[in-house]
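J.: What follows is a predicted structure for the sequence shown.
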Amino acid sequence: MKEKQLTQYDFPMGYAVCFNSECTLKEQCLHHQAYLLRRDDRTSGPAIYPEAWKDGQCKRYSEDLLVKKAWGFSQIYDNVPHYKRAEAHRCVMNYFSAGCGPYYRYHHGENKLTPRQQQDIMDILAHFGSTDGLAFDHYEMDFNFD
């Protein structure tokens, strides 16, 4: 059983909706749930085209799974030698590519790291020292919209 109930406010801006009421996977698909939970005044936006559905398979199917998302970086540099911390910090910031803004949004919890992003960051830090015992500051269960 899910610990969190999906609402219209959970969906990221611009999340594509699916109108395919014939789909056998619609009850578990986030794109169809986005359609069912959309605001009444929404009249346009990104959509999944019928061509995504072929031979009982959907190319855009996104299961409504809860995953462990994370945020906060104050402890992840603990195993990095002091003289390498600036370089490790720069490498993690570069992972987000668009300057320091995205880094700080993930640090302060405005954005949450997916499990894949968490692993990517730990892989970066492994180049600077052990990742044993390292953890992000906060974790929560949330839907995976990726």
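T.: Here it is on my side, so go on. Note that this is a predicted model, so its numbers are computed, not measured.

J.: tell me which helix or strand of this protein sits lowest on mean pLDDT?
T.: The weakest-scoring helix or strand in the chain, judged by mean pLDDT, DSSP states H and E, is strand 53-54 (a mean of 84).

J.: Partner strands of whichever helix or strand comes after it, with direction?
T.: Read in the C-terminal direction, the helix or strand following strand 53-54 is strand 57-58, with elements assigned using DSSP states H and E. Strands that pair with strand 57-58, judged by DSSP bridges, come out as strand 53-54 (antiparallel).

J.: Would you mind listing where this protein has pLDDT under the threshold?
T.: Residues of the chain meeting the criterion pLDDT under 70: 1-3, 98.

J.: Under a three-state scheme, what state does Lys68 occupy?
T.: Using DSSP: H, G, I helix; E, B strand; the rest coil as the criterion, the local structure at Lys68 reads strand.

J.: who does it bridge with?
T.: Met141.

J.: quick one: the residue of the chain most remote from its centre from Phe128, how far?
T.: Note on the chain: the largest separation between a C-alpha and the mean C-alpha position, by C-alpha atoms, centre = their mean, falls on Tyr83 (31.8 Å). Separation of Tyr83 from Phe128 (C-beta to C-beta, to the nearest Å) stands at 10 Å. C-beta coordinates here come from the backbone N, C-alpha and C atoms, glycine included.

J.: How about the contacts made by the closest residue to Phe136 other than its chain neighbours?
T.: Sequence neighbours aside, Ala70 is the residue nearest to Phe136 in space, at 3.7 Å (criterion: C-beta to C-beta, 6 or more residues apart in numbering). Shown here is Ala70, whose contacts under the criterion C-beta atoms under 8 Å, 6 or more residues apart in numbering are 112-113, 118, 136-139.
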